[in-house]
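Participant: Based on what follows, work out the 3D shape:
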Amino acid sequence: MISQTAEYALRACLHLAQHQDKRLPLQHIARATEVPAGYLSKVLQTLRRGGVVDSLRGKQGGFVLRKHPAEVSLFDIVNAVNPMVHLTKCPLTADDNCPRHGFDFTAEGVNLCPLHNAISGLTQQIEQQFRGLTLQGFLQGYDGTRPGKLTLG
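Facilitator: The predicted model follows:
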């Protein structure tokens, strides 16, 4: 569902959220999250360019979340390292305009083939769910199993 890069980014950001008052060095984050340091370095730099974390070089350097954990959604993190892709071409025909060859659409407002419509809808649902989950929610004990939106107090 999500790439290994996105998984590593989520691990690192959750660890930073758990230590939001400290600037953490790369090696500390790598050990705590069990992510290879070389790979994690690239992930964290991508997160920095994406506006999710800040970094400082030097002896007192390290990484820190740019915003409070309540303001950092899973979408922010995943989208920074692997931007969510929305279909621009019909998956059945690879055409730009989703021509619906062989499909009979009489419902008003339907202009996508069934597969394109389903994938587009699922992508929107996933994006909406990722936007509704924040690092703070996980710090407060959300385990991902309860339905509904998180209430952040």
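
Participant: in the protein, which ranges drop under the pLDDT threshold?
Facilitator: 88, 93-112, 142-153 (pLDDT under 70).

Participant: Output the longest helix belonging to it.
Facilitator: Looking across the chain with DSSP state H, the single longest helix is helix 114-132.

Participant: which strands and helices sit next to that helix?
Facilitator: With contacts taken as 3 or more CB pairs under 8 Å, 6 or more residues apart in numbering; DSSP states H and E, helix 114-132 sits against helix 74-81. Backbone N, C-alpha and C define where each C-beta goes, glycine included.

Participant: now the angle from the helix it packs on to helix 114-132?
Facilitator: 110 degrees (axes from the mean of the first three to the mean of the last three CA atoms, to 10 degrees).

Participant: Offset the numbering so it begins at 32, please.
Facilitator: Shifting the count to begin at 32 puts that one at helix 105-112.

Participant: With adjacent residues omitted, what lies nearest to the spatially most central residue of the chain?
Facilitator: The centroid of the chain falls nearest to Val109 when counting by CA atoms, centre = their mean (2.1 Å). In this structure, Val109 finds its nearest non-sequential neighbour in Ala37, 4.6 Å apart by CB to CB, 6 or more residues apart in numbering.

Participant: The one you found should be in a strand, yeah?
Facilitator: No - Ala37: not assigned to a strand; according to DSSP: H, G, I helix; E, B strand; the rest coil it is helix.

Participant: where's it relative to Gln91, distance?
Facilitator: Using CB to CB, to the nearest Å, one gets 29 Å for the distance from Ala37 to Gln91.

Participant: So between those two, which is more surrounded?
Facilitator: Neighbours per residue (other CB atoms under 10 Å) separate Ala37 from Gln91, with Ala37 holding more: 18 against 8.

Participant: how about that one, what does it touch?
Facilitator: Going by CB atoms under 8 Å, 6 or more residues apart in numbering, Ala37 touches Ile108, Val109, Val112, Asn113.
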